[in-house]
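1. A predicted structure for the sequence below; I have some questions about it.
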Amino acid sequence: MHIIIVGGGGVGYQLAQNLSEHQQDVVVIEKNEEKARRFKESLDVMVLEMNGASAAALELAGVNNADMLIAVTDLDEVNIIACILANQYGVPRIVCRIRNPEHMDENYGINPSKLGINSVINPEQVAATEISKMLHFPDASEIEYFAHGKVLLLGVTVDEEADITGVPLHKLPMNSENIIVGISKPNGKFLIPDGNDIIEPGSKIYLLGKSKSLKNISMLLHHEETKIRQVTILGGGMVGRQLALQLEASRQPFNVKIIEKDDSCCEKLSKELNNTLVLQGDVTEYAMLKEEDLGSSDAVIAVAGDDRNNIVAALLAQSFEVKKIICEVKKPQYVSVYNTLGIHSLINPRMLAVARILRLTRLEEVVALSIVQGEKAEVFELVLPDTARVANKVIKDIHFPRGMMIGSIAREEEVIIPGGNTVLKPGDHLVVFSLPKTVQKLERFFSGA
């Protein structure tokens, strides 16, 4: 595919890196000299130091032959103009990053479909949705639904007290409705396990199975159910605001509090939120957090807009012995800092947006895509076509490469955890767990003729 990326920030860079690794023909348009240099020095992509919201730049980028345009600058207006131009040139797939919710308001905003925009991405809204999922599954640090909600993937960090450590996987008291598809070890090594692998304390395991069967994962880890009621959001920016709105609309009765430093932001939040307590204060000040009784919170969400402030806020929340701490992290280099501090529930809005966009660039059969934290693995949901190489084959006879496995099959209303004798049937929704080195082999097995 010939893909044009307008915008060389964090999202643009991650997209270009992933797409170029998958042998896509990528052109990046970025007018900032420093950002453009980063692409030129580290990635095998064409870079144009121009304004992406101009016909001249798009023509130099080969817009007439483009299969896809992705506009992900920090300015909504630039992204929208670039997409309008791409539509006029007949680009078949157009993706637009729009952060300001007012631009999407039904009464005053734009209609993306009328502009030829196929998909709108709001990283902050996506991040808020992921945090909301974590609050509904508090023992998990990564959550993804597949097959219309029937299949669930959970990433869970295992502590020393869990009964599942030090035991070969084939001896664990797991039921037939879920399976461990990945293990991220404390030393950073990631593997797709077999029955003889052992879970070490501090490892993160990835469980895949029926959504209903995984709702009681707390009992497997520490014999008691974890519940979240009192939620404190540290930071009232885009992510904090979106999260509060979602929690107010949730069926689960959350008591929500937002602490924000900026007075004008607090005033705006107070007008928009109906059942959320909005307080003005510095989330990095211990005395203020103590006065607001942070220790009574079941969960603290650090989304103060700056990674360093989030780290400080997370440390303070730890000192109050809050049992669930979720942090927004924008810069990948800070992930190791959080892990050292024992904070494993991290949200990276950029990577979440990248995963949403990448799904549109993969096989036509792929209907969902999730990138496991740190890009250690990718999880695909795809519909098996009747002309695929593996259709009507028994799994044990297919010989998938090491680093790729089918974790579940959704067949009509049934969810199957497959074994070696399972037959793959056309129309099956397959959830495939794959290491990066084997992702490129997906087409060989699952694409239609």
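-> Structure's in. What do you need? Residues are numbered from 1 along each chain as shown.

2. just the strands in the stretch 151-300 of the chain please.
-> For the stretch 151-300 of the chain, the strands defined by DSSP state E, counting those that start in this stretch cover 151-157, 178-184, 190-191, 204-210, 230-234, 255-260, 276-280, 299-302.

3. among those, which is nearest Leu358?
-> Closest to Leu358 of these, according to Cβ to Cβ: strand 151-157, at 16.6 Å. C-beta: built from backbone N, CA, C; applies to glycine.

4. mind listing what that closest one pairs with, with the direction of each?
-> strand 142-146 (antiparallel), strand 204-210 (antiparallel) (DSSP bridges).

5. that older thread, what's the most buried one of the strands of the stretch 151-300 of the chain?
-> Most buried of the strands of the stretch 151-300 of the chain by mean neighbour count (mean count of other Cβ atoms under 10 Å) is strand 299-302; its value is a mean of 30.

6. per-residue pLDDT of the nearest residue to Met238 once chain neighbours are set aside, please?
-> Nearest residue to Met238 in three dimensions, chain neighbours excluded: Glu124, at 3.8 Å (Cβ to Cβ, 6 or more residues apart in numbering). Predicted confidence (pLDDT) for Glu124: 89.

7. pull the CA atoms of the helix or strand containing Glu124 into PDB?
-> Element membership for Glu124, per DSSP states H and E: helix 123-136. C-alpha atoms of helix 123-136 as PDB (Å, rounded to 0.1, in the frame of the first residue of the first chain):
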ATOM      1  CA  PRO A 123      -6.600   9.400  21.300                       C
ATOM      2  CA  GLU A 124      -7.800  11.000  24.500                       C
ATOM      3  CA  GLN A 125     -11.200   9.500  24.200                       C
ATOM      4  CA  VAL A 126      -9.800   6.100  23.300                       C
ATOM      5  CA  ALA A 127      -7.500   6.400  26.400                       C
ATOM      6  CA  ALA A 128     -10.500   7.300  28.600                       C
ATOM      7  CA  THR A 129     -12.400   4.200  27.300                       C
ATOM      8  CA  GLU A 130      -9.500   2.000  28.100                       C
ATOM      9  CA  ILE A 131      -9.200   3.400  31.700                       C
ATOM     10  CA  SER A 132     -12.900   2.800  32.200                       C
ATOM     11  CA  LYS A 133     -12.500  -0.800  31.200                       C
ATOM     12  CA  MET A 134      -9.700  -1.200  33.800                       C
ATOM     13  CA  LEU A 135     -12.000   0.200  36.500                       C
ATOM     14  CA  HIS A 136     -14.500  -2.500  35.600                       C
END
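
8. report the angle between that helix and strand 151-157.
-> On the basis of axes from the mean of the first three to the mean of the last three Cα atoms, to 10 degrees, helix 123-136 is oriented at 80 degrees to strand 151-157.

9. pull out the buried residues from helix 123-136.
-> Neighbour-count burial for helix 123-136, counted by 16 or more other Cβ atoms under 10 Å, picks out 123-135.

10. next, the angle strand 255-260 makes with it.
-> 140 degrees.

11. tally of neighbours for the residue nearest to Pro168 when sequence neighbours are not counted?
-> Spatial nearest neighbour of Pro168, chain neighbours left out: Asn196 (5.4 Å); criterion: Cβ to Cβ, 6+ apart. Residue neighbour count, defined by other Cβ atoms under 10 Å, stands at 9 for Asn196.

12. ok, now Glu34?
-> 8.

13. tell me who's in contact with the most centrally placed residue in the chain.
-> Nearest to the geometric centre of the chain sits Leu352, at 3.3 Å (Cα atoms, centre = their mean). By Cβ atoms under 8 Å, 6 or more residues apart in numbering, the contact set of Leu352 is 123, 126-127, 130.

14. now these in TSV, with distance to Glu365?
-> Output for the contacts of Leu352, formatted as TSV (distance: Cβ to Cβ, whole Å):
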residue	distance to Glu365
Pro123	26
Val126	23
Ala127	28
Glu130	25
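
15. Leu277: which of the residues you listed is nearest?
-> Ala127 (21.8 Å).

16. how near is that closest one to Val256?
-> 16 Å (Cβ to Cβ, to the nearest Å).

17. Asp44 now?
-> Per Cβ to Cβ, Asp44 is found 46 Å from Val256.

18. and if you look at Arg389?
-> 50 Å.

19. pLDDT below threshold where in this protein?
-> Across the chain, the ranges flagged by pLDDT under 70 are 104-109, 215-225, 363-364, 373-375, 449.

20. let's see it at 50
-> 223 (pLDDT under 50).

21. what residues are up against Gln230?
-> Gln230 touches 254-255, 257, 296-299, counting by Cβ under 8 Å, 6+ apart.

22. buried residues in stretch 162-177?
-> Neighbour-count burial for stretch 162-177 [16+ other Cβ under 10 Å]: 162, 164, 169, 174.

23. same deal with stretch 32-49?
-> Result for stretch 32-49 [16+ other Cβ under 10 Å]: buried residues 35-36, 39, 43, 45-49.
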